[in-house]
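Visitor: Quick one, what's the 3D model for this:
(2 chains)
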There are 2 protein chains.
Amino acid sequence: MSKEIGITAKKNENFSEWYTQVVIKAELADYAPVKGLIVLRPYGYSIWESLKNSLDEKLKNTGHQNGFLPILIPESLLSKESKHFAGFNPEVFWVTHSGNSELGDKLALRPTSETLAYSMYSKWIKSWRDLPLKINFWNTALRAEIKATKPFLRTSEFLWQEGHTVHATKEEAEQEVMLILEIYKKTVEEELAIPVITGKKTEKEKFVGAVYTTTMEAIMPDGKALQMGTSHFLGQNFSKPFDVKFLDKENVEKFAWQTSWGVSWRLIGALIMVHGDDKGLVLPPRVAPIQVVIVPIYYSESDKEQVIKKSKEIEDTLSKKKIRVHIDTRDEFTPGYKFHDWEMKGVPLRIEIGPKDLAKDKMVLVRRDSQKKTDLSFDNIEIGIESMLNEIQQSLFEKAKNLLAEKTKDVLDFEKFKSELEKGLFLNSPWCGDQKCEEKIEETTGADIRVLPFDSKKSDAPCIICKKPSKEMAIFGRGY
Amino acid sequence: MSKEIGITAKKNENFSEWYTQVVIKAELADYAPVKGLIVLRPYGYSIWESLKNSLDEKLKNTGHQNGFLPILIPESLLSKESKHFAGFNPEVFWVTHSGNSELGDKLALRPTSETLAYSMYSKWIKSWRDLPLKINFWNTALRAEIKATKPFLRTSEFLWQEGHTVHATKEEAEQEVMLILEIYKKTVEEELAIPVITGKKTEKEKFVGAVYTTTMEAIMPDGKALQMGTSHFLGQNFSKPFDVKFLDKENVEKFAWQTSWGVSWRLIGALIMVHGDDKGLVLPPRVAPIQVVIVPIYYSESDKEQVIKKSKEIEDTLSKKKIRVHIDTRDEFTPGYKFHDWEMKGVPLRIEIGPKDLAKDKMVLVRRDSQKKTDLSFDNIEIGIESMLNEIQQSLFEKAKNLLAEKTKDVLDFEKFKSELEKGLFLNSPWCGDQKCEEKIEETTGADIRVLPFDSKKSDAPCIICKKPSKEMAIFGRGY
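Guide: Numbers count the residues shown, from 1 in each chain, chains lettered A, B, ... in the order given. Next up is the predicted model:
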């Protein structure tokens, strides 16, 4: 493969350029004609489908159902919860015309669907019998980005799911918030092999309109934090303006308790950054569109026939075990070119078979993550490949856990905080709970509080800014 | 169930009101705040998911992959193929602002994605190695409806899939058009139990920008025709303006050959109309969100315990066979209320179990379609339920085939044509092929040519309008 076709930027030299090259050259996505929008190519969309299927199954198993909401929301509805509207208004796309006619009311392209969903819920919910109502929507949201956009990480339209639930009691709604966060964490850790820190957002960072927001945060190799998904406790903040009420068992009318939550294709961005290397993408087997690629190697026509025949047998065996396998029979490329091509595309495992391997009844396995080569005899193919794929998945997760551990540091002193931050770290530091200290850190260093971890211990150390007694430890970082 | 809660309109007295009541009361969909838009409730969305999964599997098995396109298309791109733009322009929603700023170029909400997809394809396709390119997109399209809207049948935003393929030769592209139409027909007939007539659209009725359009048409119980899906041969009509070119094996640059095709949630509308009755929805088992509902019947606490226990055993057995089953254990409703409720929602099969049944080791099965009751012994449950569901599926299809046969009539004379049309029929009549005759029929009767069936025989009879020799038989009807 020529230099020009492969990835030319180094991950640890020019991270941003490396990222963009991987997205484009591995054919995950491409830029759409409108600035800030991207198109997903089949290879990228397949990763989203795997992630979606995994999450969808978990949501259905916990009593959630899917629905559909239209993309257009009248301005009057979007503005009904004032803080929420103020938060989203600057980035709303507005439809003002249909054909050549001007519309009476302008219509927003959904930046998120709380307002629309709850105006419907208030019609559907009459009594406790209709609760809980737990509906999820797989769709896209649109938020006009002013900052520099980046595929998957910051785009003006993004694929996501948004869940919206209604409960009879505060307790049940809060349990839902936590259940979802657990499902998200499990999905991201098991499918994408990316470890996350879960906890609460501060008042300043919470979702506009929520009582509180829970979050999962990950760290990227460039030291920047990435919010991987959020689950919000809305309390009665929306049920009151949107009139989401129910008759309880005693026939008393009450306002309901609500939650909303979402993850987006930003997770694909995280996947690329966390696992990729200078050769390109490295995909965890669970979400890889192709898990195993077979590259037949031959130099004569008679070899070719034998090698291809065996390759097809192997493909057949693996397909039957539901392993996603592909044989690269392209005649116009050399084996070496093919190796690099599939490495760039991050296929977890490569099988090489040549005439010499055939003679010994074995094939060569090459792991994408470690580049390690091993032989596998044809007899052991079924168990051998499957266990190798599991090993790769596990090994990527371990490596990512090490990255997170290395890049998370306890810091008690503000001078130290500033110098450590330059290294690109999550800083675990004591905080008094005052928003002024949070703002001061952001102004002076560009770091914000990413998460107040659930498992954080109370610290005896004083607040890193004001030196007053601290309330809790907070994870600070500079974010995407 | 009180009259007010059930369906109050009769299907053969006030078809339109009956249809709307079924949609709303069976909780398939509801009206959104913006006129012409609907929300899909989980019960309705689940039908779409079944349909989607079935079609998606067939498309993947024939080498298609999914992708994602953003919803915003710049005006300059949309207008690049002039006939296409002229066709869609009057119904395009335009985004003119983001936040408080006016956009430089106004952006269309996709009415269909040919223009956007092909501007991308022209970047991706370099040589014959990149062909065929067969990508499908599950998304929504937006077309501002001026006529009266109706859930599923005519809405300003609708769920659909749009496939867009590129081929090296005309022959291959034309084969793709037919392959897709076959897949559509199979899906609609096998999953939705609705028979269709396949064939070509006339020049007048074809997709704007296509060389020709193939279609599948069905007839509804009110005698109106419904277009169920279309597959277009685009020839090089788009590849030329959008520069979709490739180097062939001889290294000669050529314009590619293209197809596009789609089906929408309109199919759910057809499902409701074709199978429903005065009690409400009647769902074919293959797409029913709940295939079997168990209604336990008891009048004492001791009976209750026994009956519920057995019901749960049955639920367990059926769930393991991947049958979608639900027990209605609501204490606040009578069995009679529950029967009507699930009948309105179209659940194909009801199981009733009371203490007397328990004593005889059997349950009562009630078919939604025929209302026929039969006993089934507990021993035969696994095979019994499954074969009953298959029988219902088949029987709905047979009934719908009879409807189509009854409502399709050969007519050679124009006076007869006019009187038969008033009965609500598909009229199979000779046509000379001249667009003037086609237009004249539409002006005088409101009927258009729905389809030129593939299997139509050449007729000796003269054109029904001009009396000149006919070219072929055409199916005329009044459409939705």
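
Visitor: Quick check, the residue in the stretch 151-300 of chain A closest to chain B?
Guide: A:Glu157 (4.8 Å; CB to the nearest CB). Bear in mind the C-beta positions are built from the backbone N, C-alpha and C, glycine included.

Visitor: wait, isn't that residue in contact with B:Phe68?
Guide: No - judged on CB atoms under 8 Å, A:Glu157 makes no contact with B:Phe68 at a distance of 9.4 Å.

Visitor: From B:Ile125, how far out is the closest residue to A:Trp342 other than its chain neighbours?
Guide: Using CB to CB, 6 or more residues apart in numbering or on different chains and skipping residues adjacent in sequence, the residue nearest A:Trp342 is A:Val293, 4.7 Å away. According to CB to CB, to the nearest Å, A:Val293 and B:Ile125 sit 23 Å apart.

Visitor: between those two, who's got more neighbours?
Guide: A:Val293 (25 against 22; other CB atoms under 10 Å in any protein chain shown).

Visitor: Strands along the stretch 351-480 of chain A, start to end?
Guide: Using DSSP state E, counting those that start in this stretch, the strands found in the stretch 351-480 of chain A span residues A:362-367, A:373-377, A:408-410, A:426-431, A:448-453, A:472-477.

Visitor: Quick check: buried residues in the worst-scoring helix or strand of chain A on mean pLDDT?
Guide: Using mean pLDDT, DSSP states H and E, helix A:82-88 stands out as the lowest-scoring helix or strand of chain A, at a mean of 86. Buried residues in helix A:82-88, counting neighbours by 16 or more other CB atoms under 10 Å in any protein chain shown, are found at A:His84, A:Phe85, A:Phe88.

Visitor: Of these, just say which sits nearest to chain B.
Guide: Nearest member of the buried residues of helix A:82-88 to chain B, counting by CB to the nearest CB, is A:Phe88, at 9.5 Å.

Visitor: The closest one: what's it in contact with?
Guide: Neighbouring residues of A:Phe88 by CB atoms under 8 Å, 6 or more residues apart in numbering or on different chains: A:Leu78, A:Pro111, A:Thr112, A:Arg143, A:Val208.

Visitor: Which ones among these also lie next to chain B?
Guide: Among these, no residue lies close to chain B (CB under 8 Å from any CB of the partner chain).

Visitor: is it possible to export these to CSV including secondary structure?
Guide: As requested, the contacts of A:Phe88 are arranged in CSV below (DSSP: H, G, I helix; E, B strand; the rest coil):
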residue, secondary structure
A:Leu78, helix
A:Pro111, coil
A:Thr112, coil
A:Arg143, coil
A:Val208, coil
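
Visitor: Name only those of those that count as buried.
Guide: A:Leu78, A:Pro111, A:Thr112, A:Arg143, A:Val208.

Visitor: can I get those residues in CSV with pLDDT?
Guide: As requested, those are exported to CSV (pLDDT from 0 to 100):
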residue, pLDDT
A:Leu78, 93
A:Pro111, 96
A:Thr112, 95
A:Arg143, 96
A:Val208, 91
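
Visitor: who in the stretch 51-200 of chain A is up against chain B?
Guide: Checking the stretch 51-200 of chain A against chain B by CB under 8 Å from any CB, the hits are A:65-74, A:77, A:89-100, A:106-107, A:109, A:116, A:119-120, A:123-124, A:129, A:135, A:140, A:142, A:144, A:156-157, A:159.

Visitor: Could you tell me which of these are located in strands?
Guide: Those of those mapping onto strands are A:65-66, A:72-74, A:93-98, A:106-107, A:109, A:135, A:140, A:142, A:157, A:159, per DSSP state E.

Visitor: Give me the pLDDT for the residue positioned nearest the centre of chain A.
Guide: Nearest to the geometric centre of chain A sits A:Leu267, at 1.7 Å (CA atoms, centre = their mean). For A:Leu267, the model assigns a pLDDT of 98.

Visitor: From what I see, it and A:Ser54 are in contact.
Guide: No - taking contacts as CB under 8 Å, A:Leu267 lies outside contact range of A:Ser54: 11.1 Å.

Visitor: contacts for the helix or strand where A:Leu51 lies?
Guide: Here A:Leu51 sits within helix A:42-61, counting by DSSP states H and E. Contacts to helix A:42-61, defined as CB under 8 Å, 6+ apart, come from residues A:23, A:26-29, A:40, A:66, A:136, A:138, A:159, A:161, A:163, A:183-184, A:186-187, A:190-192, A:263, A:265, A:267-268, A:271, A:283, A:286-289, A:345, B:65-68, B:135.

Visitor: A:Thr329 touches A:Pro296, doesn't it?
Guide: Yes - here A:Thr329 reaches A:Pro296: they are 6.8 Å apart, a contact under CB under 8 Å.

Visitor: Touching both of those two, which residues are there?
Guide: With CB under 8 Å, 6+ apart, A:Thr329 and A:Pro296 have common neighbours A:Ile308, A:Ser311.

Visitor: on that earlier part again, CSV for the buried residues of helix A:82-88, including distance to A:Ser300?
Guide: Shown next, in CSV, are the buried residues of helix A:82-88 (distance: CB to CB, whole Å):
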residue, distance to A:Ser300
A:His84, 69
A:Phe85, 71
A:Phe88, 65
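
Visitor: which of those lies closest to B:Thr215?
Guide: A:Phe88 (41.9 Å; CB to CB).

Visitor: Now do the SS call for the residue of chain A most remote from its centre.
Guide: The C-alpha centroid of chain A is most remote from A:Ser302, which lies 47.5 Å away (CA atoms, centre = their mean). Secondary structure, three-state DSSP: A:Ser302 is helix.

Visitor: what about it, distance to A:Leu404?
Guide: Plainly put, A:Ser302 is 52 Å away from A:Leu404 if you go by CB to CB.
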